[in-house]
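>>> Got a sequence here, can you model it:
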Amino acid sequence: MEFIEICKPFDSLTVKELYAILKLRSEIFVVEQKCVFLDMDDKDLKCQHLMLYQNKELMAYARIVPAGLSFKEPSIGRIVSSHAARGKGFGKQLVALAIENCQRLYGKKPIKIGAQLYLKTFYESFGFIVKGDEYLEDDILHVDMIRSVVSEN
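You can find the predicted model right below:
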């Protein structure tokens, strides 16, 4: 699977990159998952944006969130894959790269996510463990998960 990885702060995004990000997030979170919510929550302005492109098409995206903005720990959010990316490994590649970029930007610290419950096993495969009770967000069950600092032996 060949792709181009881009990770940059909000102020460095081109208009086309921003449009592609917002379009993908709307296609999946609003239309597919039928969540009526304000996606533009002002957090984007302070985040890094990880994009995976293939053939000039945005296939997967995540935002890397600094500590103190969503959780006390650095976090990864708005993790999303396009319909065209499904079943091709983009989701796994995206999460692995998001973890790497989070550590590159904020050091080897625990990373917290608010995960849709049906993806719990997927995130556990990256070392995330459930912390806390299930909760309903935008009519979808979620659970907070944290990935401790993994020592490299």
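>>> from here on, contacts and neighbour counts on C-alpha atoms
Noted.
>>> Leaving aside the residues adjacent along the chain, what's closest to Ala67?
Nearest-residue entry for Ala67: Pro74, 4.0 Å, with adjacent residues in sequence omitted and distances by Cα to Cα, 6 or more residues apart in numbering.
>>> now do Pro66
Distance criterion Cα to Cα, 6+ apart; nearest residue to Pro66, sequence neighbours excluded, is Pro74 at 4.7 Å.
>>> What confidence value was assigned to the residue nearest to Ala67?
For Pro74, the model assigns a pLDDT of 98.
>>> quick one: low-confidence ranges for the protein?
Screening the chain residue by residue with the criterion pLDDT under 70, one finds the ranges 1, 150-153.
>>> Identify the residues contacting Ser26.
With contacts defined as Cα atoms under 8 Å, 6 or more residues apart in numbering, Ser26 is in contact with Asp39.
>>> Doesn't it lie inside a helix?
Yes: remark: Ser26 belongs to a helix, assigned using DSSP: H, G, I helix; E, B strand; the rest coil.
>>> gap between it and His142?
When distances are taken as Cα to Cα, to the nearest Å, Ser26 and His142 turn out to be 19 Å apart.
>>> got it, and Met40?
To His142, Met40 is 20 Å away according to Cα to Cα.
>>> just Phe126 next, same as before
According to Cα to Cα, Phe126 stands 17 Å off from His142.
>>> With neighbour numbers in mind, choose between those two.
Set side by side, Phe126 and His142 show unequal neighbour counts under other Cα atoms under 10 Å, the larger going to His142 at 20 against 13.
>>> right, and the more buried one touches Lys131 too?
No: under the criterion of Cα atoms under 8 Å, His142 is not in contact with Lys131, lying 11.2 Å apart.
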